[in-house]
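Fold the following for me, if possible:
(one chain, ligands or ions: 2)
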Amino acid sequence: ASQAGTATAAASGAAATQRFVTDKSDKPSGAATVGKERVDLLAREVIEAVHATIREHKVTYAEYNALKAWLIKVGADGEWPLFLDVWIEHAVEEVANENRSGSKGTIEGPYYVPDAPRLPAEAALPMREGEAGVPLVFRGTVTGADGTPLPSATVEIWQADDAGYYSQFAPGIPEWNLRGTVVAGESGEFAISTIEPAPYQIPTDGACGELIAAAGWHAWRPAHLHLIVSAPGYRTLTTQLYFRGDTHIGDDIASAVKPELILDPVASAGGGREVGYDFALDRE
Ligand code: MBD
Ligand code: FE
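Ligands and ions are numbered 1, 2, ... in the order given. Coordinates of the predicted model:
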């Protein structure tokens, strides 16, 4: 194992929690802007749904206390971002994007970092010397949903390395490794050199891992590239792309795979693989 082999749930959870607090909890999309009527309605219905489950399944005090202990541990491990993004975000994304006509979105997950280094339309992501993994060239265009090319659109990309670790959330990885903000060319074109990410197992040594083990689930997500594609005047697209044939494409723990988001890379001359994918953005 690399240095990243020492990654712990509590350390990546603390980093993800800090990221969220810094980037999101203060912003217009943050909790402070939810009005009283919505809080009353939504909080009441969620609480009532919990009551209904308790009555239907005759939940015991032992089970109630197990839940209480587990919820306390989720916070102690910094795993609220992980828990929410794995088990809840996909439903929010579905509702938020149900009226899009362009490319499909999916969940952002807990490991996005804004302001990654800007790269030209044809570029390699920051990588370590001899970065492990099958080389991948990912090329395509960014257009409007009507096909209008979008020059200088940005394609932010972040991904796990070949061992399944994300820079800034696991120790021993250079800060911007496998993260970049690619600025598309005059016809919205881009060509990004990277490596194929590994299938990703969410941390198993924290509260989320404890839930998975206790329930007899598995912790895997299929290998994926994360992307945020944006252009002035267009709705920003947050999405992920997967790889055909991946063992976990049909049972993603985060329920974030859609058929439109599966890539079919082909072998390329240099021993790596290449694949195309075109992004179509909806107007704002
Ligand atoms: C990930 O890499 C991820 O994309 C999600 C959604 C949850 C946990 C880890
Ligand atoms: Fe991910």
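
Could the C-alpha coordinates of the host helix or strand of Phe83 be exported in PDB?
Assigned by DSSP states H and E, Phe83 belongs to helix 80-87. Below are the C-alpha coordinates for helix 80-87, written out as PDB (Å, rounded to 0.1, in the frame of the first residue of the first chain):
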ATOM      1  CA  TRP A  80     -22.300  13.500   7.900                       C
ATOM      2  CA  PRO A  81     -21.200  14.600   4.400                       C
ATOM      3  CA  LEU A  82     -20.400  11.000   3.500                       C
ATOM      4  CA  PHE A  83     -23.600   9.600   4.900                       C
ATOM      5  CA  LEU A  84     -25.800  12.300   3.200                       C
ATOM      6  CA  ASP A  85     -24.100  12.200  -0.100                       C
ATOM      7  CA  VAL A  86     -24.100   8.300  -0.300                       C
ATOM      8  CA  TRP A  87     -27.700   7.700   0.900                       C
END
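
Do any residues in that helix lie close to ligand 1?
Yes: Helix 80-87 is in contact with ligand 1 by CB under 6 Å from any ligand atom, via Leu82, Asp85, Val86. The C-beta positions use only the backbone N, C-alpha and C, and glycine is treated the same way.

helix or strand for the closest residue to ligand 1 within the chain, which one?
Proximity of the chain to ligand 1 (CB to the nearest ligand atom) peaks at Gly109, 2.9 Å away. Using DSSP H and E, Gly109 maps to neither a helix nor a strand.

Test my guess that it contacts Asp85.
Yes: Gly109 lies in contact with Asp85 (CB atoms under 8 Å); the separation is 4.9 Å.

Over to stretch 125-142 now: how far is its first residue from its last?
Length of stretch 125-142, first residue to last, CA to CA, to the nearest Å: 18 Å.

For it, buried residues please.
Residues 125-127, 131, 133, 135-142 are the ones in stretch 125-142 that count as buried (16 or more other CB atoms under 10 Å).

List just the nearest of these to Val21.
Pro126 (25.4 Å; CB to CB).

SS state for the closest one?
coil (DSSP: H, G, I helix; E, B strand; the rest coil).

from memory it sits against Ile173, does it?
No: taking contacts as CB under 8 Å, Pro126 lies outside contact range of Ile173: 10.4 Å.

Enumerate the residues of the stretch 101-250 of the chain near ligand 1.
Ile107, Gly109, Pro110, Tyr111, Tyr200, Ile202, Arg221.

Can you tell me which of those residues end up in strands?
The subset of those located in strands under the criterion DSSP state E comprises Tyr200, Arg221.

re the thing from before, return every residue with contacts to both of Gly109 and Asp85.
Common neighbours of Gly109 and Asp85, using CB atoms under 8 Å, 6 or more residues apart in numbering, are Ala254.

who's in contact with the top helix by length along the chain?
In the chain, with assignment by DSSP state H, the single longest helix is helix 36-57. For helix 36-57, the external contacting residues (CB under 8 Å, 6+ apart) are Val59, Tyr64.

which parts of the helix or strand that it is followed by are buried?
Sequence-wise, the next helix or strand beyond helix 36-57 is helix 61-76, with elements assigned using DSSP H and E. By neighbour count on 16+ other CB under 10 Å, the buried set for helix 61-76 is Val74.

residues touching the residue most central in space within the chain, list them.
Central residue of the chain (CA atoms, centre = their mean): Gly109, 3.2 Å from the mean position. With contacts defined as CB under 8 Å, 6+ apart, the neighbours of Gly109 are Asp85, Glu89, His226, Gln240, Ala254, Ala256.

which two in the residues you listed are spaced the farthest apart?
Glu89 and His226 (12.7 Å).

Mind listing the shared neighbours of the two?
Glu108, Gly109.

returning to what we had before: centre of the chain to the longest helix of the chain, how far?
28 Å (CA atoms, centre = their mean, to the nearest Å).

cool, and stretch 247-264?
12 Å.

Would you mind pulling the contact partners of it?
85-87, 89-90, 93, 103-104, 106-107, 109, 199, 202, 212, 217-222, 224, 239-244, 275, 277.

for it, which positions count as buried?
Buried, per 16+ other CB under 10 Å, within stretch 247-264: His248, Ile249, Asp252, Ile253, Ala254, Ser255, Ala256, Val257, Leu261, Ile262, Leu263.

Mind checking which of these land in strands?
Ile262, Leu263.

just checking, Asp246 touches Trp220?
No: checked against CB under 8 Å, the pair Asp246 and Trp220 is beyond contact range at 9.5 Å.
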